[in-house]
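Q: I need the structure of the sequence given here:
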Amino acid sequence: MKTTPSSKSNRLFLTAALFILATIVAIPLVASTPQAPGPGSIAGHWTGVLEIPGQKMEFDVDFAAKDGGWTGDISIPIQKAKDLPLAGITVQGAQITFIIQGVPGDPTFKGEISADGKKIAGKMTQSGGTFAFSLERGDPTAKILEALAGFDKIAETALQSLRVPGAAIAILKDDRVVYSKGFGFKDVEKKTPVTPETLFAIGSSSKAFTVFSLGKLVDEGKVDWDKPLRTYIPWFRLYDKEAGERLTPRDMVTHRSGLPRHDLLWYNNPTATRENLVRSLAYLQPSADLREKWQYNNLMFLTAGYLLETLTGKGWEDAVRSLVFEPLGMTRSNFSVLESQKDNDFALPYDFENKAFKKIPFRDITTVGPAGAINSSAVEMSNWVAVHLADGKFKGQELLAPQTVADMHKAHMVTGSAAETRDLMALSYGMGWFTDVYRGHRRVHHGGNIDGFSALVSFLPDDGVGFVVLTNMNGTPYPELLVRSAIDRILGLETRDWIGDAVKRRDQAEAATKKAGEKKNSRKIPGTKPAHPLADYAGIYAHPGYGELTVHFKDGRLEFVYNGIATRLDHWHYETFSGVKIVDPTYEDFKLTFRNDVNGRVAAISALFEPTVDEIVLTKKPDARQFDPAYLEKFVGRYDLSGQVIAISLQGNVLFATIPGQPVLELQPDLGGEFVLKQVKTVTLRFIVDDKGVVTGIESIQPDGTYEGKRMK
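A: Below you'll find the predicted structure:
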């Protein structure tokens, strides 16, 4: 809800309420006049509405008996005012009066208690303004449960309609879990049911844990969101040198680094360390300037996690465990699907293929963990939601300063995406959280999708309501749609058939995908063939950022392996080949184009690993023997090249050529077993070897011809 600028009284009330947040600290609640005979005790929780011109401001009040009188507090969610002390609480018959203590203008409530003791109605006065208010007795959790009557059926039906094996759901009101259930199966084959304790991968919902942990260091003065990252990691570089010098931690966790995703660099990478991946950023082309636009980037969150490691001296896992998991009692939550499988209650990952659920392999993404490797349950994730609804507090302990939490939740970058419906405002991004407005209610949320799992953490800060939905299905909209359905009922909004609408869209999309697939080969040029025998394409190809890709020739076919994923290559046309799934479908239909060098040899591969920038070019590496001193030793000696003596020597694993009257020249390994002169790239040396493997001569290949020489004894 928005304030109404034209209302002077409204401004006074809002200003006063905010003023108390900034100035009042632990003030004792004031006991007041004992209750006279009337409609019954006022003790308990009351929810109400204050009628301010142009809006209805929701608030709630708690009353409790104390020393023959009454104490109480008031909370105004939209103003982030929580448990402000009440004074002057008097009850005479059906009349009740109370004042918000310490607020300028003495906001005073005077009302009448209904005959059944369930309602209070009256006027609030402040600084000369008078506003109607009403209160209704009741446990807010009971009201939520009442609103969720029949929700089990919605959740179960949605599993079937959206083809989801299982789901765990938790709903909170402030710090209390009011709804927690499991639906469907964590193991379809064994028909093992999901429970609220079942562990699921939460994917990118992990990002906010990395930000929260860094936020703790911000509170302690160990890091500043807005200082250059190189303040803390001096060697850090980006492809754009200036951007690398200016990039800040805030830039990284708001997706405004200028880099697009480049996800295939880290996906399934079994060998790279986190430092390796951070260093690789220096070789990744950006698609925008720093802070120019919002572009989702997992590598930047990996870098944020590496920053956390640098500052704490701990691994990201240990830092998050001590800063977040332990204070929140998240004892079973972990950082690897390998660890989850050691638990006695975990979900298996699934996809839907050929009209049936298909169990798929767990994908270990530990290396890029800060961006998405956490596994947890609906029960333990409830504590995570609770600390955000309480502005950084959990069970009375402040884990993070309220202003730091608010900084994470506010919009920093518009995403540029259009609103899906009129019920949703276009998305923005905070720090590890998406933000939008759902049907007039501010919402903070983040989904997570990783092989076989989809998750959503979502909450309405001004309404004090939060949600966790975890599933074991690949890329399903189930979590978001179920949360929308729950919000509509809890807030008394007009309901919509979110599930039914999604099923219709899915069916239309599947029909379109099938039709498009039928035309998949229409871009293939018929009648062409590769320029080389297939064996010539085999080799290791490398890029300074993307690392190595290996092409194998076996059983008359080509296949390539990148980051541990093997994919068969079928000829497409000319020098382009197309990926065919062997086991993992990641590179199915992925196109690799081979490039030749000036000598007609297969020298490089180009591919759109990141479709928003130029093709990534991986250069073919020379034969590994050309870096082996034991192999190179046989080339050492003196050669007579048309009367000119060339002496070849070996230092370490590098050959050098010495020609009288000239500087010593370094020989760099080249394709085809040849060597190119480092200082004169136009000159190539090729050693002549006989059938017995004996080096008998040398050739100097130059632009004007090829000069032959014999080895001297």
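Q: outside of stretch 276-284, which residues touch it?
A: Around stretch 276-284, the neighbours that count as contacts under C-beta atoms under 8 Å, 6 or more residues apart in numbering are 233, 235-239, 244, 259, 262, 265-266, 269, 272, 299, 302-303, 306, 367-368, 543-547, 610. C-beta: built from backbone N, CA, C; applies to glycine.
Q: try 6 Å this time
A: Under the contact criterion C-beta atoms under 6 Å, 6 or more residues apart in numbering, stretch 276-284 has outside partners 237-239, 262, 266, 302-303, 306, 544-545.
Q: likewise for stretch 639-658?
A: Stretch 639-658 is contacted from outside by 627, 629, 632, 635-638, 659, 664-667, 698, 707, 709-712, using C-beta under 6 Å, 6+ apart.
Q: can you tell me which of those are in helices?
A: If you go by DSSP state H, the contacts of stretch 639-658 have 629, 632 in helices.
Q: filter the contacts of stretch 639-658 to the buried ones?
A: In terms of neighbour count (16 or more other C-beta atoms under 10 Å), the buried residues within the contacts of stretch 639-658 are 632, 635, 665, 667, 698, 709, 711.
Q: what about Ile120, how many residues nearby?
A: Counted by other C-beta atoms under 10 Å, the residues lying close to Ile120 total 25.
Q: contacting residues for it?
A: Residues in contact with Ile120, defined by C-beta under 6 Å, 6+ apart, are 111, 113, 135.
Q: report the buried residues of the biggest helix by length in the chain.
A: If each helix of the chain is counted by residues according to DSSP H, the longest one is helix 498-518. Buried residues in helix 498-518, defined by neighbour count with 16+ other C-beta under 10 Å: 498-499, 502-503.
Q: quick check: mean pLDDT across the helix or strand that comes right after that helix?
A: Tracing the chain past helix 498-518, the next element assigned as helix or strand by DSSP states H and E is strand 539-543. When pLDDT is averaged over strand 539-543, the result is 98.
Q: now find how far off-centre strand 539-543 is within its chain.
A: Relative to the mean C-alpha coordinate of its chain, strand 539-543 is positioned 30 Å out (C-alpha atoms, centre = their mean, to the nearest Å).
Q: listing partners with orientation, what would you give for that strand?
A: For strand 539-543, the paired strands and their directions (DSSP bridges) read strand 547-554 (antiparallel), strand 616-620 (antiparallel).
Q: what does that strand rub up against?
A: Outside strand 539-543, the residues that touch it by C-beta under 6 Å, 6+ apart are 548-551, 605, 616, 618, 620-621.
Q: including pLDDT, distance to Leu148 and neighbour count, could those go into TSV?
A: Below are those laid out as TSV (pLDDT from 0 to 100; distance: C-beta to C-beta, whole Å; neighbours: other C-beta atoms under 10 Å):
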residue	pLDDT	distance to Leu148	neighbour count
Glu548	98	53	14
Leu549	98	51	21
Thr550	98	54	15
Val551	98	56	23
Ile605	98	55	25
Ile616	98	50	21
Leu618	98	54	24
Lys620	98	61	21
Lys621	98	61	16
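Q: picking that back up, ok, and the most crowded of the contacts of Ile120?
A: Neighbour counts for the contacts of Ile120 peak at Leu135, which has 25 neighbours (criterion: other C-beta under 10 Å).
Q: alpha carbons only: can I get the host helix or strand of that one in CSV?
A: For Leu135, the element it lies in under DSSP H and E is strand 129-137. Below are the C-alpha coordinates for strand 129-137, written out as CSV (Å, rounded to 0.1, in the frame of the first residue of the first chain):
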residue,chain,number,x,y,z
GLY,A,129,-6.5,14.1,13.1
THR,A,130,-9.1,11.5,13.7
PHE,A,131,-9.3,8.1,11.9
ALA,A,132,-11.6,5.1,12.2
PHE,A,133,-10.2,1.8,13.3
SER,A,134,-11.4,-1.7,13.8
LEU,A,135,-9.9,-4.8,15.5
GLU,A,136,-10.9,-8.4,15.5
ARG,A,137,-9.7,-11.0,18.0
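Q: angle of the very next helix or strand once past that strand against strand 129-137?
A: The element immediately downstream of strand 129-137 (helix or strand, assigned by DSSP H and E) is helix 140-147. If you take axes from the mean of the first three to the mean of the last three C-alpha atoms, to 10 degrees, helix 140-147 sits at 70 degrees to strand 129-137.
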